[in-house]
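Novice: have a look at this prediction, sequence included:
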Amino acid sequence: MLPLEGVRVADFSWVWAGPYSTMLLATLGAEVIKVEGHKRTDLTRHSVVWSLPAPAPTAVLPNQGMSYNSVNMSKKSLTLDLTKPEGVRLAKRLALMSDVVADNLRPGAMARLGLGYENLRQERPDIIVLSSSSRGQKGPQWDYGGYATIHHAIGGGAYITGYPDDAPSHSGGDVDLMNSTGMAFAVLAALYYRAQTGEGQFIDYSQCEGVTSLFGEIFLGYEMTSQVPERMGNAHPVYAPHNVYRCWGVDRWLALEIHSDEEFATLAKVIGRPELAQDRRFATMAARKKNEAKLDRIIGAWVRLRDRDWMVNEFCKADLATAPSRDAPDLYADPHLRARRAFVTIDHPEIGQLELVGVPWKMSDGEAVLNRAPLLGEDNDYVLHKLLGLSRKEITELRKQEVIM
């Protein structure tokens, strides 16, 4: 039995951060019902596939967006037009039948529909509402919107990401996925709290603050020293060498870091330059840090002529901290990930077989079977007839009125 079996989630979230958080809950056994308008669907359903040599982007049908299929597995799909009163009424009925209601809309959007926490808890005091937004529900910027790059910038992550002689750099969807994990954790904590007390919870999750929470040592360093931490590329404040080096071949790289003089002496032997360990420029950590650019050139010249995976193997046999910088083909071919069943193969009725990334944990007492993401409106009859008790005639009338598809 999975830990969240019997828990129902009404999922009003879209794009990446919200949907992935609720997908994590689904893999733990929750019944997650994704609610979206059939005239205004999740943006990721239409994620554009554009091969650069092609003259224009290729249109993506609503069930074939790869981002959508990656972060909405094991859910059910209900279409409701929330611009229509009947759509809102049905959405509220579903919400009140659910343990958790999740959204990542602008603050106030759900409340204006009568679906906010204060509206729902009047009829169901133990309900848990997760509302994730760019900057939270309160404060002078409560109504600002944003996506991952905005959150990365506002949260302080972009400023310290990049090279010293270049501009702040944005990361991509990893910000969304890290926030998703925090959101799912908050829901689990609220469910545990409810199990102990019988009380519900409102979770006000700021995605900008979610980014900030990842950089505690950066801000603590500023508080202690009044020095603004700056971009360092792949370098480390103390350790050297500490970099990503280009290997033989096309765009092949490995990461290497040395934490002691003993490790550096080992590295020097492996690369056939044992005398470097006695060189005054490199004999101590402080000296290596001072002469880091010269040392990187020496290591880089040796690495550049050799195969990445062979070098990683040699360094690992010498007990040095090293790893390949892997691209997508590397990951799909990785025997360790294959042995752990890190990828899940699903049969999509429109696309065929897809091999997607699963969840990064295994549970001894039960492992969820990840199913494909639902087609748009695939579970309308299940939700409306079985859960909400509407007759077939009523459902047909809803379709005629375009409340559902």
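Specialist: Looks like it came in fine. Residues are numbered from 1 along each chain as shown.

Novice: for residue 346, list the residues it contacts.
Specialist: Each residue near residue 346 by Cβ atoms under 8 Å, 6 or more residues apart in numbering is listed here: 69, 73, 353-354, 356, 370-372. Where C-beta positions appear, they are placed from N, C-alpha and C, glycine not excepted.

Novice: quick check on the residue most central in space within the chain: phi, psi?
Specialist: Residue closest to the mean C-alpha point of the chain, counted by Cα atoms, centre = their mean, is residue 177 at 1.2 Å. Recorded main-chain torsions at residue 177 are phi -70, psi -30, according to degrees, to the nearest 10.

Novice: distance of it relative to residue 1?
Specialist: Going from residue 177 to residue 1 by Cβ to Cβ, to the nearest Å gives 27 Å.

Novice: ok, residue 323 to residue 296 distance?
Specialist: 17 Å.

Novice: the more surrounded of the two?
Specialist: residue 296 (18 against 13; other Cβ atoms under 10 Å).

Novice: surely the more buried one touches residue 244?
Specialist: No. Between residue 296 and residue 244 there is no contact under Cβ atoms under 8 Å: 10.1 Å.

Novice: for residue 21, helix, strand, or coil?
Specialist: helix (DSSP: H, G, I helix; E, B strand; the rest coil).

Novice: and the gap between it and residue 9?
Specialist: For residue 21, the distance to residue 9 - Cβ to Cβ - is 10 Å.

Novice: which neighbours do the two share?
Specialist: Common neighbours of residue 21 and residue 9, counting by Cβ under 8 Å, 6+ apart, are residue 102.

Novice: quick one, which of the two is more surrounded?
Specialist: Comparing residue 21 with residue 9 by other Cβ under 10 Å, the one with more neighbours is residue 21, at 29 against 25.

Novice: give me the pLDDT for the more buried one.
Specialist: For residue 21, the model assigns a pLDDT of 97.

Novice: cool, and residue 142?
Specialist: On the pLDDT scale, residue 142 gets 87.

Novice: give me the neighbour count for it.
Specialist: Quick note: residue 142 (other Cβ under 10 Å) scores 16 neighbours.

Novice: so what's it up against?
Specialist: Going by Cβ under 8 Å, 6+ apart, residue 142 touches 107, 133, 135-136.

Novice: roughly how far does it sit from residue 154?
Specialist: For residue 142, the distance to residue 154 - Cβ to Cβ - is 13 Å.

Novice: list residues touching both of those two?
Specialist: residue 135.

Novice: residue 254 against residue 304, yeah?
Specialist: No. Using Cβ under 8 Å as the test, residue 254 is too far from residue 304 to be in contact (10.8 Å).

Novice: following element in sequence after the one helix or strand in the chain whose mean pLDDT sits lowest, please.
Specialist: Lowest on mean pLDDT, DSSP states H and E among the helices and strands of the chain sits helix 216-225, with a mean of 87. The helix or strand immediately downstream of helix 216-225 is strand 242-246, counting by DSSP states H and E.
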